[in-house]
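Novice: Kindly return the folded structure for what I paste below:
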Amino acid sequence: METRDVVRTSFLGTPVAWTTTNRSYYTLAADSVTLLGLEDETVMPMPTSSRGTEVRRARYKLTPPFPELRTPVRVGTSWAWEGTWERLDAMASHPKREARRIAIVAKEEVKVPAGTFQTLKVVTESGSRVISREWLAKGVGTVKFSNQEREGQLREYHAPK
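Specialist: Got it, this is the predicted structure:
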């Protein structure tokens, strides 16, 4: 098993433009890509602020780690996860318990500012509602996403050194 640090920068805000830099920590195994935790920094234009922007930083730990992708990697594969999200920064709160159902639902070509990618569309549900959609490209990770709060597209990608 290998742990890898993946950095990606995405943007496309609703309703205003924002930029988020994510650092995600994964464990790569023969049968899965598992998210251990993540950090993000979001810069949002704030016309009412004297600085003109607001910066929000967050760090999260998932227990047990969240299986973002499982084998076989093909349309129709699905799996479940039950665990907690714990925020570890200054805005720390009690761990939030969740149960999720994840499924690979389609193969799609996706065009984003970073390029055009062949992706797998992964849908995550909590209870009876869809809470997120992610388009994953081999060797890159998330190139596009949407959830209840926002949407994002990969602007640029920097592989870890």
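Novice: which residues in the protein form strands?
Specialist: Taking DSSP state E to define them, one finds strands in the chain at 2-11, 19-28, 32-45, 53-70, 78-87, 96-112, 115-126, 129-137, 141-147, 151-158.
Novice: ok, how many other residues are close to residue 89?
Specialist: Residue 89: 11 surrounding residues under other C-beta atoms under 10 Å. Where you see a C-beta, it was placed from the backbone N, CA and C, and this is true even at glycine.
Novice: no no, residue 55
Specialist: By other C-beta under 10 Å, the residues close to residue 55 number 11.
Novice: where's the most centrally placed residue in the chain relative to residue 99, distance?
Specialist: Residue closest to the mean C-alpha point of the chain, counted by C-alpha atoms, centre = their mean, is residue 142 at 6.5 Å. Residue 142 is 22 Å from residue 99, where distance means C-beta to C-beta, to the nearest Å.
Novice: coming back round to it: which residues does the residue lying closest to the residue nearest to the centre of the chain once chain neighbours are set aside contact?
Specialist: Leaving aside its chain neighbours, residue 142 sits nearest to residue 134 (5.2 Å; criterion: C-beta to C-beta, 6 or more residues apart in numbering). Neighbouring residues of residue 134 by C-beta atoms under 8 Å, 6 or more residues apart in numbering: 121, 122, 124, 142, 144, 145.
Novice: How about residue 96?
Specialist: 84, 85, 86.
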